[in-house]
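**Q** sequence? don't have it. structure:
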């Protein structure tokens, strides 16, 4: 057993430590900042242990990059359709001897170059997401030993039947989207 | 009975490009009295001041969605509650279609759509024209 101190001796020791901190320039403010830093680290560990980082890495970031890829694909497809139509218009105009059409279709071709620019910008954003993804992976691996197994968010969340916000999902990926034909069948069942 | 092409039609969408596309399409098929609104709340104020023969609305808008607009119209004594309503939206989940139908939608067009599809759905609701 270690040495037992009287209450008065403990108080004296504490005062001595504080006096030394002030003498050495280590202010109480610095101590407070270190304490706040420690609390931030503990909160980060808690957030990670509650599955936030897992959700970000395995759901949010992949979904975001998938959506952006879909944007690039869709704009490319639309741009090609526009330019194909312009080419047909030019052919028809040439056969009909109509002048001036190519000037206007030329403007359309120029405007369609937007797809190239937006595609490049979106690709940059996707690359940024991948950098964020790798940073999150690194943080998770560094803190894994302290935090323990990284928890996953529950798959099923409580649904409020009166909350229609769950219906706002936006365009679905092509392999998951319900077709107009399927929608027509659903509507037809109500009429039967 | 022949469809009255002079009827007032309201197009509701927060994307001006989509409003323009639908208005141009309606003009092509002979409907020229077309008003527009950028969300459900603005649409509701228009519905309160003019009788429309058809409403074509997007779903995902703020501050009022197309579904909220539909429900408000269908349950209101103030507005013409039976006005034909076509939802034109990117929301394509089965649950969305069912809920819209239960709320009283007359037809449902999923984006992206082509002119023939939209014309067909308008004809299905109003009658051939």
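**A** Yep, it's here. Given the structure is predicted, the values throughout are model-derived calculations rather than measurements. Numbering: from 1, shown residues only, chains lettered A, B, ... in the order given.
**Q** roughly how far apart are the most centrally placed residue in chain A and chain B?
**A** By CA atoms, centre = their mean, the mean C-alpha position of chain A lies nearest to residue A:61, the distance being 4.6 Å. Here residue A:61 is placed at a distance of 22 Å from chain B (CB to the nearest CB, to the nearest Å). Bear in mind the C-beta positions are built from the backbone N, C-alpha and C, glycine included.
**Q** Could you measure from whichever residue of chain A sits closest to chain B over to residue A:77?
**A** When scored by CB to the nearest CB, chain A has residue A:171 as its residue closest to chain B, at 4.1 Å. As judged by CB to CB, to the nearest Å, residue A:171 and residue A:77 stand 13 Å apart.
**Q** Tell me which stretches of chain A form helices.
**A** Using DSSP state H, the helices found in chain A span residues A:7-23, A:28-49, A:52-55, A:61-96, A:101-112, A:114-147, A:180-191.
**Q** can you tell me if the fifth one touches chain B.
**A** Translated: helix A:101-112. No: counting by CB under 8 Å from any CB of the partner chain, chain B is not contacted by helix A:101-112; separation bottoms out at 13.1 Å.
**Q** for chain B, what are the nearby residues on chain A?
**A** Counting by CB under 8 Å from any CB, the residues of chain A close to chain B are A:164, A:167-172, A:177-180, A:182-183, A:186-187, A:190.
**Q** same thing but 10 Å
**A** A:74, A:77-78, A:164-172, A:176-187, A:189-191 (CB under 10 Å from any CB of the partner chain).
**Q** In PyMOL, how would I select the buried members of these?
**A** PyMOL command restricting those to the buried ones, with burial defined by 16 or more other CB atoms under 10 Å in any protein chain shown:
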select buried, chain A and resi 164+167+171+178+180+183+184+186+187
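**Q** And the pLDDT for residue B:101?
**A** The model reports residue B:101 with a pLDDT of 96.
**Q** and it, how many residues sit next to it?
**A** 19 (other CB atoms under 10 Å in any protein chain shown).
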